[in-house]
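**Q** Turn this into a structure:
(2 chains)
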Amino acid sequence: MAQVDILIDGVVCSYGSHLVISGLSLQVKRGDFLGIIGPNGSGKTTLLRTIARVLEPSAGRVVFMGKDVYKMSARELARKMAVLGQEHSAEYDFTVHEVVLMGRTPHLGRFQGERQHDLEVAEHAMRVTNVLHLKDRLITELSGGERQRVMIARALAQEPEVLLLDEPTAYLDVGHQTEILTIIRRLNATSQLTVIGVFHDLNLASEYCDKLVLLDRGRIRAMGDPFSVLTTENISAAYGSTAVVSRHPFLPKPHVLVLPRRVERAGGERVHLVAGGGSGSALMERISLRGLSLSVGVINEGDSDWLTARSLGARIISVPAFAPVTVREAEELEAIMIGAKLVAVAEVPFGHGNLLNLRACLRISERGIPVVCMGDASKVAERDYTGGSATKLFSELQERGTRFVQAAEFDALLDWIVAEGERDAR
Amino acid sequence: MKKRSGFVLVVLVALLAVSCVIAVSRGSVHIPWRTSLLILFGERGDWPASYERILLGVRVPRVLMAAVVGGSLSVAGVSFQALLQNPMADPYIIGVSAGAALGATVGIIGFGSLGFKLVPPLAFLGALGAMTTVYVLAKRGPRVPVVPLLLSGVAVSAFLSAVVSLLMVTHRERLDRVVFWLMGGLTGASWERLLSILPYTIVGFCIMYYFSKDLNALLFGEEQAAHLGVEVEKVKAILLFTSTLVTAAAVSVTGLIGFVGLIVPHLMRLLTSPDHRILLPAAALGGASLLVVSDMLSRTLLSPAEIPVGILTAMMGGPFFLYLLYRRKGGM
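**A** Residues are numbered from 1 along each chain as shown, chains lettered A, B, ... in the order given. Sure thing, here's the model as predicted:
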């Protein structure tokens, strides 16, 4: 039976009149690895400090192994709970060994020196965190990653049953981030150490935690395994950002990609892009960055350009993967293209499946919609897999005034559309 | 590190002993140090009878008082620096000096010849009053955060110093005595005064030592200390008052001797360890030696005139401190 280690029961916290946590309840079981995530000001760190007996809640209780944390002495709690904070400024010349031994303080009497047992616990802690070789070095001489490993060793020397993490890797590079969290994850797995951590980085939280709590304005928005918490809807509601959630390439964990916030423009000028196979991703970003609306198609579902277009919230005309474009989509495509300020054709290979896109371009260019093609006219044949039909259509397009442009010129065109739109708006 | 620290402590004890013997021997009447030792050990010999009177009645209390005051200011400095997590902290930082100065000034100006007796208690009360005011002003609910403590310390000190200055300009006839007190010195030393401050120093040191592990944890910040099981606010309140009492007692009999409480803690951290279990005794011994030697020089350098001892502590401690600091930097 899983034992409840920490019970947070209707906790309310406020700084002055500002309510930071409003009636939050939560249970943490022994051996859990719980991640607290949420935007700035959502109350994550406040919640952690409340659990750590630093910030007494104005209402509610924090119960740790059956006892109210705020009725325990600091010493009693420190024997069972350790806290690892963000990077520490080390200004005083303690040796690594001395710092780690400080973790034994709550187990020792006032005038009691360290016993053999304490030295062994400290040594074990240093071995687990791979700082034993630094034992006699001064803490002030270490790098950030080394120092943080020493602080884990100190926390472990407390022989805690619960370890609280307050963004312990905030100031570390990616290599050290994974190193620190892997050490903690291993301790959690091998010695039933309960871990509760605040994370800013959603992917670190997803990767290392078994359970997540998503806080939003002092309340729990979602709680559960990473897949159920890290959803596009939850992230959008809590952070106000669009995110694409996919599966981690190697782990059974969700992977979050938060997208740049789009600059919405009032005018709503739209650019249509014919793309596929990744040929249009960079163009889509450039269009989207300028606040222009984007439509893409016809494109196969699951294509990398299709993913990009979807993540940018573009209008998409799609056909199932590997299916050819039919007349029905071609008609829909023409209708959409007619409403665009510009139609661009990315450097996409043309086969019989997507040749209809090029036909549609030809027809709308006859109706006066400007069409540009990316790349070099002379190299069109290299991506023509239709036995010359595509090349022929390209030359017909050129006869009707379509130009082949490079990236810089394309950008200039986009800027011109933006400027036109702004002039019209005025 | 541990072994070296033990060695340094032994050296400091020896240094203090030697300083004391030399200091009691030197002065307007020079007594050979062998004779001094014999007198101190209660031997009798064919030296002038005045030697014993000078030594036991005048020099020994003065030297011992220098040692006690130097040690007091240094351990108070150690404690303030850890409590306030501020390397610039000294025993005077939260209003003690200004409060004592006001008390002493009132004693000197207001009570005429009685002043000599009244200055120490008034200075002591002034120091305690100022520190209590600062503490109350900085209190936020159950907590006493460091920054408000430092800021109200600055504000209260400024206000009280202004009052002292005002009293000085309106009572020019006693200006000399006030200034002399402000610069500090051991001229008023006596067995009686020594015994009146000794309990504060001894008890204060024991209380600080009792909390030495907590002070170690506090060097990593208050929250870190709390996570290691330190009752931060309780420890802070106890030690702030203890350190203030120790400082106030010292200041009440010697006036404001600067620099010792700021520099000796740093000096001892460089020489031994930031671990308060070693640092506190080291600072007590080092501070005592520094003030004993400084006081001896203040009496003898320009004899018969006396240089205020604060000038000498700064002139000797400053360069030595810089030397240690730069030697360490170069070595890194």
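
**Q** what sits against the residue in the stretch 301-426 of chain A that chain B sits nearest to?
**A** Residue nearest to chain B within the stretch 301-426 of chain A: A:Ser311 (40.5 Å; C-beta to the nearest C-beta). For glycine as for every other residue, the C-beta is placed from the backbone atoms N, C-alpha and C. A:Ser311 makes contact with A:Thr242, A:Val244, A:Leu257, A:Leu259, according to C-beta atoms under 8 Å, 6 or more residues apart in numbering or on different chains.

**Q** Give me the pLDDT value at it.
**A** What the model reports as pLDDT for A:Ser311 is 79.

**Q** Give the helix, strand or coil label for A:Ser206.
**A** Following DSSP: H, G, I helix; E, B strand; the rest coil, A:Ser206 is assigned to helix.

**Q** That one: neighbour count?
**A** Neighbour count of A:Ser206, defined by other C-beta atoms under 10 Å in any protein chain shown: 24.

**Q** so how far is A:Ile152 from B:Val253?
**A** Look at B:Val253 and A:Ile152: by C-beta to C-beta, to the nearest Å, they are 50 Å apart.

**Q** Looking only at neighbour counts, state which of the two leads.
**A** Shown here are B:Val253 and A:Ile152; by other C-beta under 10 Å, A:Ile152 has more neighbours (26 against 22).

**Q** tell me the contacts of the more buried one?
**A** A:Ile152 makes contacts with A:Leu84, A:Ala125, A:Thr129, A:Pro168, A:Ile180, A:Ile183, A:Ile184, as judged by C-beta under 8 Å, 6+ apart.

**Q** same question, B:Leu149
**A** B:Leu84, B:Ile94, B:Val134, B:Tyr135, B:Ala138.

**Q** phi, psi of it?
**A** Backbone geometry at B:Leu149, expressed as degrees, to the nearest 10, gives phi -60, psi -50.

**Q** Do you know the pLDDT at it?
**A** pLDDT, B:Leu149: 92.

**Q** what's the answer for B:Asp46, then?
**A** For B:Asp46, the model assigns a pLDDT of 82.

**Q** tell me the phi and psi of it?
**A** With angles defined as degrees, to the nearest 10, B:Asp46 sits at phi -100, psi 30.

**Q** Within range of chain A, give me the residues from the stretch 51-200 of chain B.
**A** B:Pro87 (C-beta under 8 Å from any C-beta of the partner chain).

**Q** residue in the stretch 51-200 of chain B nearest to chain A?
**A** Closest to chain A within the stretch 51-200 of chain B is B:Pro87: 7.4 Å, counting by C-beta to the nearest C-beta.

**Q** got the residues of the stretch 51-200 of chain A near chain B?
**A** Applying C-beta under 8 Å from any C-beta, we find that the stretch 51-200 of chain A lies next to chain B at A:52-54, A:73-79, A:81-83, A:85, A:88, A:90-95, A:98, A:102-103, A:105-106, A:108, A:110-111, A:136, A:141, A:158.

**Q** Now, of those, which are buried?
**A** Buried residues within those, defined by neighbour count using 16 or more other C-beta atoms under 10 Å in any protein chain shown: A:52-54, A:74, A:76-79, A:81-83, A:85, A:88, A:90, A:92-95, A:98, A:102-103, A:105-106, A:108, A:158.

**Q** Show me the residues you listed that map onto helices.
**A** Judged by DSSP state H, helices contain the following of these: A:Ala74, A:Glu76, A:Leu77, A:Ala78, A:Glu98, A:Met102.

**Q** Report the two of those residues separated the most.
**A** Spatial extent of these (C-beta to C-beta) is set by the pair A:Glu76 and A:Glu98 at 23.9 Å.

**Q** Contact partners for residue 218?
**A** By default, I'm working from chain A. Contacts of A:Gly218 by C-beta under 8 Å, 6+ apart are A:Cys13, A:Leu19, A:Val20, A:Ile21, A:Ser22, A:Leu24, A:Ser42, A:Gly43.

**Q** Chain B is the one I meant
**A** So B:Leu218 contacts B:Ala82, B:Leu83, B:Gln85, B:Ala225, B:Val230, B:Val232, B:Val235 (C-beta under 8 Å, 6+ apart).

**Q** hang on, the fifth one packs against B:Ala217?
**A** Yes. Under the contact definition of C-beta atoms under 8 Å, B:Val230 touches B:Ala217, with a separation of 5.0 Å.

**Q** and for these two, which residues touch both?
**A** Residues touching both B:Val230 and B:Ala217 (C-beta under 8 Å, 6+ apart): A:Thr105.

**Q** Find the closest residue to chain B in the stretch 101-250 of chain A.
**A** Nearest residue of the stretch 101-250 of chain A to chain B: A:Pro106, at 3.5 Å (C-beta to the nearest C-beta).

**Q** before we move on, what SS does residue 62 have?
**A** Unless you meant another one, I'm taking chain A. Secondary structure for A:Val62, judged by three-state DSSP, is strand.

**Q** that's the wrong chain, I wanted chain B
**A** On the three-state scheme (three-state DSSP), B:Arg62 is labelled helix.
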